[in-house]
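Asker: pasting a predicted model and its sequence here:
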Amino acid sequence: MNLSAAPVIRLDDLRGEPIRLLLEEHLSHMRSLSPPESVHALDLDRLRRPEISFWTAWRGDELVGCGALKMLDARHGEIKSMRSAHAHRGTGVGRALLQYIVQEAQRRELARLSLETGSQPEFAPARQLYASFGFEVCGPFADYTDDPNSVYMTRMLRA
């Protein structure tokens, strides 16, 4: 399999075994890095809510990543559950998913796109990726509060 090939991204119903396993890996990893009150990753049931669109990235028949867009209101969206499968980190999966979600937010004519990620050193690559897409550090948004374990970022999409 060509690890540099762009993944195929598709809307997912969150019912397959591969996505269940990837999300379990994601939650487990988040819990290993942050205290429980600072883990904002969503489980399968909460990702199935109607205000959330969820996509998976595939190379052939292998799940290589996932990401979601949660509608906070008609003009503001939040990126959730961005994850590259461990074996596919550094191969462009995260970049492809982020580009897809930003384009989807623009297609929906959102004015603003925000996210929460960790402040720990392990999250530095994610913060760098978001910054490369024009996201800037901001204060808490939606239901978030000040948390030393979180970094909040946002990007304006429309004038």
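Answerer: Nice, I can see it. In this text, all values refer to a predicted model and were calculated from it rather than measured experimentally.
Asker: strands of the protein, start to end?
Answerer: With DSSP state E applied, the chain shows strands at 8-11, 52-59, 62-73, 76-84, 112-118, 136-138, 150-156, listed in chain order.
Asker: could you pull out the buried residues of the first one?
Answerer: Residues of strand 8-11 classed as buried by neighbour count (16 or more other Cβ atoms under 10 Å): Ile9. To be clear about C-beta, it is placed using only N, CA and C from the backbone, and glycine gets the same treatment.
Asker: one step back: Asp43: which of the strands of the chain is closest?
Answerer: If you check each of the strands of the chain against Asp43 by Cβ to Cβ, strand 76-84 wins as the nearest, at 9.8 Å.
Asker: between that closest one and strand 150-156, how big is the angle?
Answerer: Here strand 76-84 runs at 120 degrees with respect to strand 150-156, directions being taken by axes from the mean of the first three to the mean of the last three Cα atoms, to 10 degrees.
Asker: show me what strand 76-84 is in contact with.
Answerer: With contacts defined as Cβ atoms under 8 Å, 6 or more residues apart in numbering, strand 76-84 is touched by 22-23, 25-26, 41-42, 47, 52, 54, 64-72, 91, 93-94, 97-98, 101, 105, 108, 110-116, 126, 141-142.
Asker: ok, back up a step: for the strands of the chain, give me CSV that also has distance to Leu33 and mean pLDDT.
Answerer: Output for the strands of the chain, formatted as CSV (distance: least, Cβ to Cβ, whole Å; pLDDT from 0 to 100):
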stretch, distance to Leu33, mean pLDDT
strand 8-11, 26, 97
strand 52-59, 22, 97
strand 62-73, 18, 97
strand 76-84, 13, 96
strand 112-118, 6, 97
strand 136-138, 19, 98
strand 150-156, 12, 97
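Asker: ranking those by burial, who's on top?
Answerer: Using mean count of other Cβ atoms under 10 Å, the stretch among the strands of the chain with the largest mean neighbour count is strand 76-84, at a mean of 23.
Asker: can you give me how far that one is from the chain middle?
Answerer: Average the C-alpha atoms of strand 76-84, do the same for its chain, and the two points are 3 Å apart (Cα atoms, centre = their mean, to the nearest Å).
Asker: among the strands of the chain, which comes closest to Tyr130?
Answerer: strand 150-156 (5.2 Å).
Asker: which elements pack onto the closest one?
Answerer: Contact partners of strand 150-156 among helices and strands, from 3 or more Cβ pairs under 8 Å, 6 or more residues apart in numbering; DSSP states H and E: strand 112-118, helix 124-132, strand 136-138.
Asker: between it and helix 124-132, what angle do the directions make?
Answerer: Relative orientation of strand 150-156 and helix 124-132, computed by the same axes, to 10 degrees: 20 degrees.
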